[in-house]
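Novice: any chance you could fold what I've pasted below:
(3 chains, ligands or ions: 6)
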Amino acid sequence: MKIGLYPGCSLEGSSREYAESLRAIAPHLGLELEEIEGWNCCGASSAHQLDHTLSLALPARILAQAEKQKFPELLVPCAACYNRLASTKKDLANDASTRDKVTDLINMPYTGVTSVQNILEVLNLVLTPDVQKKIPAAFPHKVVCYYGCLLVRPASVVHAEKMEDPMQMDDLMKRIGATPLDWGMKTECCGASLSITRTDIVGKLCGNILEDATMRGAEAIIVACPMCHSNLDMRRKEIERVTGKKFSIPIVYITQAIGMALGLDAKSLGLHRHFVEVSVHGKNKVQQNVSSPSMAAVS
Amino acid sequence: MSVSIDFGGDSLAGWIQHKSGISVQRCYQCGKCSAGCPASSDMDFAPSVLLRLLQLQNAESDQKVLSSYSIWLCLTCHTCSARCPMEVDLPKVMDVLRAESLRHKLVNKRAKDIVAFHKSFIDTIRNFGRLWEVGLVADYKLRTRHFWQDVVVAPVMLKKGKLSLIPLFHKKFVSRIFSGLRNREERA
Amino acid sequence: MSRIGVFICHCGENISATVDCEKVAKTLASMPGVAHSVDYKYMCSDPGQSLIRSAIKEKKLTGVVVAACSPRMHEPTFRKACAEARLNPFLCEMANLREHCSWVHAKGDATTDKAIDLVSMLVEKVKRNKPLFPIKVPVTKTALVIGGGIAGIQAALDIANAGQKVVLVEREPSIGGHMSQLSETFPTLDCSQCILTPRMVEVAQNPNITLYTYAEVESLSGFIGNFTARIRKKAKSVDEKLCTGCGECATACPIKKIPSEFNTGLGMRGAIYVPFPQAVPNKPVIDRSRCTYFKSGKCKFCASKCPAQAIRFDQQDEIIEIPIGSVVVTTGFNIKETSFFPEYGYGKYKDVVTGLQFERLLSASGPTLGEVKRPSDGTVPKKIVFVACTGSRDPAKGIEYCSKICCMYTAKHAMLYKHKVHDGDAYVFYMDIRAAGKGYDEFFRRAIEEDHVNYIRGRISRIYERNGKLIVRGADTLLGAQQVEIEADMVVLATAAVANDGAESLAQKLHVSYDAHHFFAEAHPKLRPVETNTAGIFLAGACQSPKDIPETVSQASAAASKVIGLFSNAELTREPIIAVVNRTAPPLFSTCVGCFMCQSACPYHAIEQEEIKTREGKLIKMVAKVNPGLCQGCGTCVAFCRSKSIDLQGYSNEQVYAEVMELLS
Ligand SMILES: Cc1cc2nc3c(=O)[nH]c(=O)nc-3n(C[C@H](O)[C@H](O)[C@H](O)COP(=O)(O)OP(=O)(O)OC[C@H]3O[C@@H](n4cnc5c(N)ncnc54)[C@H](O)[C@@H]3O)c2cc1C
Ligand code: SF4
Ligand code: SF4
Ligand code: SF4
Ligand code: SF4
Ligand code: SF4
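Specialist: Residues are numbered from 1 along each chain as shown, chains lettered A, B, ... in the order given. Ligands and ions are numbered 1, 2, ... in the order given. Coordinates of the predicted model:
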């Protein structure tokens, strides 16, 4: 399956292990990623705080660029970027005058043909029973899946099936042999946009998440968002300061978990970049032949 | 203290309706939004209380709302709107309130850092086209003079290869958007 | 030549304040065909009416137009006055000058001109009116009551005790409805079963009542006084005449783990079962979808143990047809299940229960014999949270109305809990307290003041489970919406009361209207609260909107009195405003071409096909014919008929055209 890719800024910077692991597993899942050319930042949570038009123009330019490259589908692995792009697409579809204003600003044609997909939707398609058969029970860990806000809300933008108890990630985890646990923090907010400015609030919110996950006996928290990851992984000192508790549970990108199940080596999945040591491993032997797209290499 | 703020001859509630189509009168003060809001306990007014102030439609409460800390603490997590029985889109209301707070120069003192951060963020995009984290943090520190904040994580991030000291320049991709927006403002 | 009398009413000042009544009367006097035209202060008064009576006699009037208020108000009055003066009442018409003119316009010439137009139109119509005669229909004095909850029980008993026959149809194996599931009832806390069971027994014993349980109405045809009901008696697989209700079969049945509907899934039943010990009739049915024999052809343990040899595996559904004079719909309501609420766990937490489940936990006949215990582990909850308005007043969930009963039963629940668990803590999250019945406010205040139930004003955002506790996140809106988190052992959701399953399809079968939420619609919200808009079909209880027992019972008695009133007549008279397909001399017989477009257009299925035959019995043609008993006079067929063969009596095309032409002239 060939698909357009909008990596977004985090995946080039502080969350590059997400990009690395995605690129590492892609060939094993028959996924051909074609990066969008000359992309810009989507504006993240800042643009709409200050300037509504800017918050639409930045994502619109990305979508227009995807159209220019004739991508029928665009994979947006970062949950924050995904949410911005999907919500811009919706706003532009519903309001012709805004659409005119925005296309005028970006000076590019925009029709809205490209479908914006998040990582869970794409993985759901490519982690097929065939792939599964070759990696039976390869990631035998008790995990909790953390969706955060941006993959499930608002319902009018992201069409999550069970908004208050989403299961897509849990289902993917089952497919690689993990045991996803029921827990209380699946869709609670980690405080993302206050990460730098009110680290204490982030510490409190993330503390609740880590505490619940630990209490349930999870070995790792699986995430699909760079914001969630950096808050839960890098903010441990602050979390400890606010909660007075120490947590050792690692935060693992869903792509990393699948990579481990496929037997890919830690380096190629960027596991060494985590603040908190990743103590869960795949059961398969480390795969040397990383770049081979052939599935035979995996089995 | 009652300063009259102009919303095109309307109350702030009317202005919100005009800007976003949301009627704050829909809210029947059940408090469900405040009950689930992750930032509520740090806010000066809980989200439902903000809506109550807006419902009063007088200059004094409008001013309270625009100079509140709450509007800057909102995380746009959509927990409130997802569960609101009256389908009040609070995050969208917050967007309008922040814009008005800036426009009328009523930003809460405690929120200066948060505003500074968002400005630094947008400046970084303006200058580099993409987010350059080192540049963003440097810009933010210059704005706020919080030089010691985050000194714990930065070196580790560097060591783990999570930060680039040199930015990549993609400014050309967004320059049209920013100049267009500036022209618009000047025209307005 | 027509001699029409015109009477312009001032309606006190209601009309004369803006309409120059005198001028209207004068203008009309000079209209061709008008023999008499006057104005008067109150036409509906006795002197006003005698003006009409004497004018008819003295001026030999052939028609009367009274220009006054709405015909809904006084048409019967004036028609009666005409009849008294021996003028056929259908030669009298009303022009509505009040609602259609004086009330809605300012004083002025234009307003008076409009009044003149309105009256002139009616004059032109009345010139073409023909004498009509009311239709008489006989009444079948048997009432059909659908639904055997407290509403149906009360209505059936009232009608039967007035000496009329009743057929009561209940779809479950027993009558009783929701009231049989309740523990104690607000506002007096008397035991629900204790006050209900005697009435259930009375139903079974009353010689005037025929009870069909495990039965449903298949269809209803006909019209007021003359309905025919087709009722499906589902196969119970038990011969009721032989069965003694000993219960040996249920003991013998190896299938024991079917969640009991009566106990809201908190208790179990067998494949052959009586829903609860006090059931009426106290005889079992086999649930064929769960029975081993019906699934695999083997078992029959029940039959082998039955001392009366009453088990009938080969019993078939039976359809019976009964002539019925009137119908009372009492099919009740239902409540939303916990699975309807995403933010409260989609029903995945066992200790989050509905109010109805909590009734079963409180009830002495319930699965815990009246001890409050957690469904998950059987421990006694020490901290319990009640959540009012769960799903009600919630447009986001599609239910914008208030369920009306939950404020009160929540107060009752909290109170009964405190009576049973003295050291327990009870919290109620609420938005408003709606306690406007007799003794109701006092009742809920007692929960707070005497039983120390903790009322917190605010909706809760979320419930989730942690370490066997339920975390309830709310806010206290009376304290600046400060967040409140309670670690509860159990949560009771007062879930929205909704229309019963199948209400919509039943309404369609009966041809009565229902609202957007599938509650049955009353004919008028204030003045005709127990009637439907189909004559002869009445409503009572929670099938019309959520309501408590006192209100349900009052409505049931009201509906019963309507039925008894109807049955006090030997025959009914109906207005002759019905459609007629014309008949002409042979060889045409009728201009009807037999396309039968009208037949498919008629919403009341009133159009039949008639064969026109020669004397020898040879078919000449098929033409449409209107059944006067069924026709409601809506006129749809008239509009559909391409050969203009149908006319609505009293509103013929000729009459309506004449009105329009007068307006245009
Ligand atoms: C948790 C709870 C607690 C309550 N506590 C109190 C209280 O303390 N005091 C009080 O006054 N009220 C109380 N109520 C309200 C009370 O239950 C209702 O007022 C009452 O049950 C309404 O009676 P009904 O006969 O209209 O409807 P129901 O009780 O719903 O009876 C309807 C009957 O019709 C049958 N039926 C349905 N459809 C068909 C069909 N198509 N054909 C044939 N039969 C059909 C059903 O099987 C049922 O037997 C409570 C309600 C709830 C949910
Ligand atoms: S949840 Fe909605 S209705 Fe309730 S207080 Fe908040 S905004 Fe108002
Ligand atoms: S969107 Fe803002 S107001 Fe709403 S719950 Fe999240 S932080 Fe609170
Ligand atoms: S035949 Fe059916 S009802 Fe009878 S005992 Fe067997 S399972 Fe039970
Ligand atoms: S009766 Fe009370 S609890 Fe029930 S919906 Fe109405 S206000 Fe809410
Ligand atoms: S007037 Fe209406 S009810 Fe009567 S036959 Fe015609 S369509 Fe049917």
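Novice: could you use CA atoms for every contact and neighbour count after this?
Specialist: Will do.
Novice: count the neighbours of residue C:317 for me.
Specialist: Residue C:317: 13 surrounding residues under other C-alpha atoms under 10 Å in any protein chain shown.
Novice: scratch that, residue C:217 is what I was asking about
Specialist: 21.
Novice: shaky segments in chain B?
Specialist: Applying pLDDT under 70 to chain B flags residues B:1-4, B:147-151, B:188.
Novice: contacting residues around stretch C:306-315?
Specialist: For stretch C:306-315, contacts defined as C-alpha atoms under 8 Å, 6 or more residues apart in numbering or on different chains pick out C:235-240, C:242-244, C:248-249, C:302-303.
Novice: among those, which are in helices?
Specialist: The helices, defined by DSSP state H, take in C:248-249, C:302-303 from the contacts of stretch C:306-315.
Novice: residues near residue B:159, how many?
Specialist: With other C-alpha under 10 Å as criterion, residue B:159 counts 10.
Novice: now do residue C:254
Specialist: Using other C-alpha under 10 Å, residue C:254 has 17 other residues around it.
Novice: who's in contact with it?
Specialist: By C-alpha under 8 Å, 6+ apart, residue C:254 lies in contact with C:270, C:301.
Novice: am I right that it sits in a helix?
Specialist: No: counting by DSSP: H, G, I helix; E, B strand; the rest coil, residue C:254 is not part of a helix but coil.
Novice: hang on, the earlier thing: turn the contacts of stretch C:306-315 into CSV, columns for pLDDT, distance to ligand 4 and neighbour count.
Specialist: Below are those laid out as CSV (pLDDT from 0 to 100; distance: C-alpha to the nearest ligand atom, whole Å; neighbours: other C-alpha atoms under 10 Å in any protein chain shown):
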residue, pLDDT, distance to ligand 4, neighbour count
C:235, 97, 13, 20
C:236, 97, 11, 24
C:237, 97, 9, 20
C:238, 97, 10, 21
C:239, 96, 14, 19
C:240, 94, 15, 17
C:242, 96, 16, 12
C:243, 97, 14, 18
C:244, 95, 16, 16
C:248, 96, 10, 17
C:249, 96, 7, 25
C:302, 97, 4, 22
C:303, 96, 6, 19
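Novice: could you list the domains of chain B?
Specialist: The record's domain parsing of chain B by automatic domain parsing lists B:12-107, B:111-187.
Novice: dump the contacts of stretch C:306-315 into a markdown table; add distance to residue B:65 as well.
Specialist: Listed next are those as a markdown table, based on distance: C-alpha to C-alpha, whole Å:
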| residue | distance to residue B:65 |
| --- | --- |
| C:235 | 67 |
| C:236 | 66 |
| C:237 | 69 |
| C:238 | 71 |
| C:239 | 73 |
| C:240 | 72 |
| C:242 | 77 |
| C:243 | 74 |
| C:244 | 74 |
| C:248 | 72 |
| C:249 | 71 |
| C:302 | 72 |
| C:303 | 75 |
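Novice: of all the domains of chain B, which lies closest to ligand 5?
Specialist: For ligand 5, the closest of those is domain B:12-107, at 11.1 Å, according to C-alpha to the nearest ligand atom.
Novice: can you tell me if that closest one touches ligand 3.
Specialist: Yes: contact of domain B:12-107 with ligand 3 (C-alpha under 6 Å from any ligand atom) involves B:37-39, B:47, B:74-80, B:90-91.
Novice: and the contacts of stretch C:306-315, which two are furthest apart?
Specialist: C:235 and C:248 (19.7 Å; C-alpha to C-alpha).
Novice: who's in contact with stretch C:394-412?
Specialist: For stretch C:394-412, the surrounding residues in contact (C-alpha under 8 Å, 6+ apart) are B:84-87, C:185-187, C:189, C:355, C:386-389, C:391-393, C:428, C:433-435, C:440, C:443-444, C:447, C:494-498, C:517, C:546-548.
Novice: any quick ChimeraX command for the buried ones out of these?
Specialist: A single ChimeraX command suffices to select whichever of the contacts of stretch C:394-412 are buried according to 16 or more other C-alpha atoms under 10 Å in any protein chain shown:
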select /B:84,85,86,87 /C:185,186,187,355,386,387,388,389,391,392,393,428,435,440,443,444,447,494,495,496,497,498,546,547,548
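Novice: out of the contacts of stretch C:394-412, list just those in helices.
Specialist: C:355, C:440, C:443-444, C:447.
Novice: I'd like those residues as TSV, with pLDDT appended.
Specialist: Shown next, in TSV, are the ones in helices among the contacts of stretch C:394-412 (pLDDT from 0 to 100):
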residue	pLDDT
C:355	98
C:440	97
C:443	97
C:444	96
C:447	97
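Novice: tell me the one of those nearest ligand 1?
Specialist: residue C:355 (4.1 Å).
Novice: residue contacts, that closest one?
Specialist: Neighbours of residue C:355 in contact, by C-alpha under 8 Å, 6+ apart: C:409-410, C:492-495.
Novice: that one - nearest residue in space that isn't next to it in sequence?
Specialist: residue C:494 (5.1 Å; C-alpha to C-alpha, 6 or more residues apart in numbering or on different chains).
Novice: go ahead and confirm that neighbour touches residue C:413.
Specialist: No: Residue C:494 is beyond contact range of residue C:413, at 10.1 Å (criterion: C-alpha atoms under 8 Å).
Novice: what about residue 130, neighbour count?
Specialist: Reading this off chain A. For residue A:130, the tally of surrounding residues (other C-alpha under 10 Å) stands at 11.
Novice: oops, chain C please
Specialist: Residue C:130 has 15 neighbouring residues, counting by other C-alpha under 10 Å.
Novice: wait, it sits on residue C:89?
Specialist: No: in this structure, residue C:130 is not within contact of residue C:89 by C-alpha under 8 Å, at 10.0 Å.
Novice: ok now stretch B:25-45, how far from the chain's centre?
Specialist: How far stretch B:25-45 lies from its chain's middle: 17 Å, per C-alpha atoms, centre = their mean, to the nearest Å.
Novice: endpoints of that stretch, how far apart?
Specialist: By C-alpha to C-alpha, to the nearest Å, the extent of stretch B:25-45 from end to end equals 18 Å.
Novice: if you count neighbours, what's buried in it?
Specialist: B:25, B:27, B:29-41, B:43-45.
Novice: contacts only, for residue C:294.
Specialist: Contacts of residue C:294 were listed using C-alpha under 8 Å, 6+ apart, and they are residue C:288.
Novice: gap between it and residue C:250?
Specialist: From residue C:294 to residue C:250 the distance is 16 Å (C-alpha to C-alpha).
Novice: would you mind listing what in chain B touches chain C?
Specialist: Contacts of chain B with chain C, taken as C-alpha under 8 Å from any C-alpha of the partner chain, map to B:29-36, B:40-41, B:45-46, B:48-49, B:83-87.
Novice: among the residues you listed, which lie within helices?
Specialist: With DSSP H as the criterion, helices contain B:32-36, B:48-49, B:83 from among these.
Novice: biggest separation within those, which pair?
Specialist: Greatest spatial distance in those: B:49 and B:83, 16.6 Å, computed using C-alpha to C-alpha.
Novice: distance between the ends of stretch C:433-449?
Specialist: End-to-end distance for stretch C:433-449: 15 Å, by C-alpha to C-alpha.
Novice: residue A:21: which element?
Specialist: Element membership for residue A:21 (DSSP states H and E) is helix A:16-25.
Novice: pull the residues that contact that helix.
Specialist: Contacts with helix A:16-25, where a contact means C-alpha under 8 Å, 6+ apart, come from A:7, A:10-12, A:33, A:226, A:253, A:255-256, A:258-259, A:262, A:264, A:268-271, A:273, A:290-291, B:162.
Novice: so how many other residues sit close to residue 169?
Specialist: With no chain named, the answer covers chain A. Using other C-alpha under 10 Å, residue A:169 has 23 neighbouring residues.
Novice: let me rephrase: I mean chain C.
Specialist: When neighbours are defined as other C-alpha under 10 Å, residue C:169 has 26 of them.
Novice: isn't it right up against residue C:212?
Specialist: Yes: the pair residue C:169 and residue C:212 passes the contact test of C-alpha under 8 Å, sitting 4.9 Å apart.
Novice: now render the ones in helices among the contacts of stretch C:306-315 as JSON lines, adding distance to residue B:122.
Specialist: Output for the ones in helices among the contacts of stretch C:306-315, formatted as JSON lines (distance: C-alpha to C-alpha, whole Å):
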{"residue": "C:248", "distance to residue B:122": "80"}
{"residue": "C:249", "distance to residue B:122": "78"}
{"residue": "C:302", "distance to residue B:122": "78"}
{"residue": "C:303", "distance to residue B:122": "81"}
